[in-house]
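> pasting the sequence and the predicted coordinates here, then a few questions.
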Amino acid sequence: MRKNRRNNTKKERIIMIASSVFVLSALTMTGIYMKSNQEAEQDDGYTLDFTALEDSVEDKYEEIAQNVQSQEKEDAPEDQVAGNATDEADNLEDDLDYLPMEVGSGTVTIPGLTDRELEEAPEGSAAGREEADGKPVAEASAQGRKAEAGTQTEDGAQASADATEEPQQEAENADSAAAGNEAVDAGAVDSAGSNEVEAQTLHFAESEGLLRPVSGEVLIPFSMDSSVYFSTLDQFKYNPALMIAAETGAAVSACADGRVISVFENEEIGKAITVELGDGYQITYGQLEEVRVTEGSYVESGEIIAFIAAPTKYFSVEGSNLYLKLTMNGVPVDPEGLLR
C-alpha cells in the first residue's frame with residue numbers, strides 16, 4: 001500500500017511539473033509573439049527612407065539653381081536684355097535658309113514653298129503679284145469677283161427652282177402616304193370586321209347536343225352530387241368529367257364547332273385540348289396524342305382533332321379512355337346526356 005501511495009505521489013508530482021513546464025512554455029511563446037507584433041506595429045509609418053531623402057535634396061538643389069538663374073535674368077539691365085535678344089535674332093537668322101520679312105511688308109516669300117504656290121496659282125487668284133498674262137492684280141480680282149457673282153446668280157436661280165419643286169414633291173408624297181394609310185386602315189377595319197363575324201358565329205346551346213367523340217362505354221360517370229369510385233386510386237371522389245372507354249390510337253372527333261383556346265399537358269390527363277363553343281361553354285378533351293390542332297385555330301363538328309393515348313398512371317386500372325369535360329361559365333356540366 002505504501003509503495004502504491006509513493007508511486008501515486010511521484011506520478012502526481014511528475015504531472016504537476018510537466019503541466020507547469022507546459023504552461024510556462026506557452027506563456028513564454030505568447031509573450032514573444034505579442035512583443036514581435038507590437039514592434040511591427042510601432043515600426044509601421046515611422047521608418048525613414050534615407051535614399052528618398054538624398055534624392056529630394058538633389059532635386060531641391062536643382063530647383064534652387066533654376067530660381068537663382070531666373071532671378072539674375074530679372075535683375076539684369078534693359079540694355080543687356082536687348083543685347084541678348086539681338087544675339088538670339090542673329091542666331092535665328094543664321095539658322096534660317098531665308099531672310100525674315102518685317103511685319104506688314106507684304107507677301108512673305110519662303111524659298112521652295114511660296115514659289116511653288118505662285119506657280120500653281122489659278123488665273124484670277126490674288127496669291128501672286130502678277131498673272132501669267134501680265135494683267136494687274138486688281139483687274140484679275142475684279143474679273144474673279146464677276147465670275148463668282150455670275151456663279152452665285154446661277155446657283156441662286158437653281159436653288160429657287162429646287163425650292164419651288166420641293167414643296168410640290170412633298171405634297172405629292174404626303175398625298176400618296178395618306179392614301180396608303182387609308183388603305184391600311186381600311187384593310188385593318190375589314191380584318192377586324194371579319195374576326196368579329198367569326199367570333200359571333202360561335203354559338204352553342206345544350207338543346208343542340210354534342211357529337212359523340214369516340215365509340216365506347218362510360219368507365220367513370222360524371223358526378224358532382226355524390227362521390228364515385230376510382231379503381232386506380234382506390235378511393236371515392238367527385239368527378240367533374242366523363243371517362244369514355246376507347247382503344248389506344250383511336251381517332252377523337254370534335255363534339256361541336258369551336259375555337260381552340262388551349263393546348264396543354266398535365267400529369268393526370270396527359271395531353272389535352274380546350275375548345276370554346278360559344279355562349280360561355282367550353283369543352284376539354286384529355287388522354288390524347290398526335291394533336292392536330294393549334295391554339296387559335298377553328299374546328300368543325302366531326303373533325304378529327306387527335307388520337308387516344310395510353311392511359312396515365314391515374315387511370316392505369318381503368319385502361320385507355322377519353323377524358324371529356326364540359327363547363328358553362330366555369331361550372332361543370334354533365335356531357336353524357338348531350339351526346340348523340
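Good, I have the coordinates. Numbers count the residues shown, from 1 in each chain.
> can we go C-alpha only for contacts and neighbour counts from here?
Will do.
> number of residues surrounding Glu300?
Other residues near Glu300 number 14, with proximity taken as other CA atoms under 10 Å.
> ok, for it, nearest residue in space, not its chain neighbours?
Of all residues beyond its chain neighbours, the one nearest Glu300 is Asp257 (4.3 Å), with distances taken as CA to CA, 6 or more residues apart in numbering.
> surely the one you found is in contact with Gln282?
No - applying CA atoms under 8 Å, one finds Asp257 not in contact with Gln282, separated by 10.9 Å.
> out of those two, which sits in the busier spot?
With neighbours defined as other CA under 10 Å, Asp257 and Gln282 compare such that Gln282 has more, 24 against 21.
> list the beta-bridge partners for the closest residue to the more buried one other than its chain neighbours.
Beyond its immediate neighbours in the sequence, the residue positioned closest to Gln282 (CA to CA, 6+ apart) is Glu276, lying 4.5 Å away. For Glu276, the beta-bridge assignment (DSSP bridges) gives partners Arg259, Gln282.
> which ones are touching Glu276?
Residues in contact with Glu276, defined by CA atoms under 8 Å, 6 or more residues apart in numbering, are Gly258, Arg259, Val260, Ile261, Gln282, Ile283.
> list the contacts for the last one?
Which is Ile283. When contacts are counted by CA under 8 Å, 6+ apart, Ile283 touches Thr274, Val275, Glu276, Leu277, Leu324, Lys325, Leu326, Thr327.
> how many neighbours does the spatially closest residue to it that is not a sequence neighbour have?
Nearest in space to Ile283, with sequence neighbours left out and distances taken as CA to CA, 6+ apart, is Leu326 at 4.5 Å. Burial measure for Leu326: 23 neighbouring residues, criterion other CA under 10 Å.
> dump the contacts of Ile283 to CSV, plus distance to Pro311 and pLDDT.
Written out in CSV, the entries for the contacts of Ile283 read as follows (distance: CA to CA, whole Å; pLDDT from 0 to 100):
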residue, distance to Pro311, pLDDT
Thr274, 19, 98
Val275, 22, 97
Glu276, 25, 96
Leu277, 26, 95
Leu324, 14, 97
Lys325, 17, 97
Leu326, 20, 97
Thr327, 23, 97
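> closest to Glu63 among the residues you listed?
The shortest gap between Glu63 and any of the contacts of Ile283 belongs to Thr274, at 92.1 Å (CA to CA).
> beta partners of Val228?
Listed beta-bridge partners, Val228: Lys237 (assigned using DSSP bridges).
> dump the residue contacts of it.
For Val228, the contact set (CA under 8 Å, 6+ apart) comprises Ile220, Pro221, Phe236, Lys237, Tyr238, Asn239.
> and the helices in the chain, which stretches?
Secondary structure of the chain (DSSP state H): helices located at 2-43, 50-75, 78-95, 114-120, 137-201.
> what sits against the residue nearest to Ser301 when sequence neighbours are not counted?
Computed as CA to CA, 6+ apart, the closest residue to Ser301 that is not its neighbour in sequence is Ala256, at 4.1 Å. Residues counted as contacts of Ala256 (CA under 8 Å, 6+ apart) are Leu210, Leu211, Leu277, Val299, Glu300, Ser301, Gly302.
> now Ala256: how far from Ser20?
Here the distance between Ala256 and Ser20 works out to 99 Å (CA to CA, to the nearest Å).
> hang on, the earlier thing: quick one: which of the contacts of Ile283 is most hemmed in?
For these, neighbours were counted using other CA under 10 Å, and Val275 has the most, 26 neighbours in all.
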